[in-house]
Structures are given as C-alpha cells and as structure tokens.
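Asks: Predicted coordinates and the sequence they were generated for:
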Amino acid sequence: VAETDAPRVDRVSIPLHELSAMPKVSQRLLDDAAFDLEGWLAARIAERFNRAEANAFLNGDGVDKPKGLLTYAHFPYKTATEMQIGRVNTGVSTGLGSDPAGLLVELTYALAAPYRANASFVMNSRIAMELRKLRDTEGRFIWADSLAAGQPSRLLGYPVIICEDMHDAGTSKIGIAFGDFAAAYTIAERPELRVLRDPFSAKPHVLFYATKRVGGGLTDPRAVKFLVFG
C-alpha cells in the first residue's frame, strides 16, 4: 500500500515541579493524641497538594508549577488550524447571549467527532447554576441531573465536571471547556506523595517533610474546545 505522507513523530516534554511542606508536631502531642495524628496530618497535606495541583493544571503559568490548560494560546475555532486550540466566542461579557442553548450545541460540534465519544464539560458552580436554568424551545431543561449516586449530571448528553478553578463569566474569560481531557492534557507524577519523619532536627518537635513531583502539559490541542466570553 502506497504511503500518502511521510510519518513524523514529535517529542513533547513535560517538566516536573516539586510540591513540598514541612509541618512540625511536638513529640508530647504525638504521644498523647487520642487518634492517629500522623495519618491525619498526612491526609491534610495530601488535600492541600491536591488543591494546588488542580489549580495549576488549569491556571498554572509554568513557573515552578505545571502550565495550565487555560493558559495556552487559543484562537477562533472557525479560522484555526487543526493543531491549535479552538474557541467559541459568545460576543458578550455578562452572560451567554440571546441563544445560549444554541451556543452550547455549536461548542460541542466544534470538537471533532473522534473526541466527542469521551468528551465532557468543565465549568465552575456559578456558570453551572446559570446553565441549569436553560430550556429548549419546548420548555424542557437541557440540564439533566444524575439519576445514580456518584454519576455526574449531564448537559446535552455529556457529563458535567464542576471545578471551582475554572473562570467566571467575564471579558475574554474561558468560562466553559469541552473535550476529551485525557487525550488533551497529560499529567505526570514522579513519585506519589512521600512523607519523611524527622525526629532529630527540631527536638522536641517532630518534622514531617512531605514532597511530591508533578507536571502537566497540553499534548493534543485537537481534543478540547473553549467557550470564551467576549
């Protein structure tokens, strides 16, 4: 079979950045606590790290943290080349315009068909609240609440993920992202959260040195589209 084009492989480098924390606890408190204080402290560190990671994966500037998905250059999808992130611009700064339901349909079909099978919406709670009010021309809500525990709500048939680190409605703000995010953005972690116990350096306190190396980067721009408020 004749090849129609020369094959090409590109290398994508995802730098890793370190998260660290070093809380200290007195040995007496560790001895007298009526519960697993070390386990509780490790859980709180992991929670703070997870919050920092979630924000960086969307809004990070790439300096000592991953470059966030929303910080990559984006262009009007109707004029962009295939390897650029597209956007659908509402043209308004205070809301979703006169035909928000139609705008969301346009957003979904701006994404290529191979990516729509695993696609989902990502937005914050304030924008989700506005979308829950939308109805189609026959008065039916376009938002469908989950019918099973642990399952996300759906918008136009696609899952909705609520992430408070997404932008609010505002001029040139990315209010809604739609796409196959597993294909669009790659997260690298080396290794998992590590906590080292140091009872010697700050006696009579015990230091808990927690570290985690994590990185993230855009790997397939075709797999995501943005709704950008004008």
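Replies: Perfect, thanks for sending it.
Asks: How are the strands of the chain distributed by residue range?
Replies: In chain order, the chain shows strands spanning 17-21, 24-26, 74-76, 85-89, 120-123, 143-144, 154-155, 158-162, 174-179, 185-189, 194-202, 205-218, 224-228, with DSSP state E as the criterion.
Asks: Export those strands as CSV, with columns for distance to E53.
Replies: Glycine gets a C-beta too; all of them are placed from N, C-alpha and C. Rendered in CSV, the data for the strands of the chain read as follows (distance: least, C-beta to C-beta, whole Å):
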stretch, distance to E53
strand 17-21, 7
strand 24-26, 24
strand 74-76, 22
strand 85-89, 21
strand 120-123, 15
strand 143-144, 28
strand 154-155, 25
strand 158-162, 15
strand 174-179, 17
strand 185-189, 8
strand 194-202, 15
strand 205-218, 6
strand 224-228, 19
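Asks: where in this protein is pLDDT low?
Replies: For the chain, residues meeting the criterion pLDDT under 70 lie at 1-4, 76-98, 171, 230.
Asks: Could you point out the longest helix of it?
Replies: Of all the elements of type helix in the chain, the one with the most residues (DSSP state H) is helix 37-59.
Asks: buried set for that one?
Replies: Across helix 37-59, burial judged by 16 or more other C-beta atoms under 10 Å covers L41, I45, A46, F49, A52, E53, N55, A56, F57, L58, N59.
Asks: Could you check how far the fourth one is from L30?
Replies: By that I understand F49. F49 is 22 Å from L30, where distance means C-beta to C-beta, to the nearest Å.
Asks: How about the last one?
Replies: Distance, N59 to L30, by C-beta to C-beta: 37 Å.
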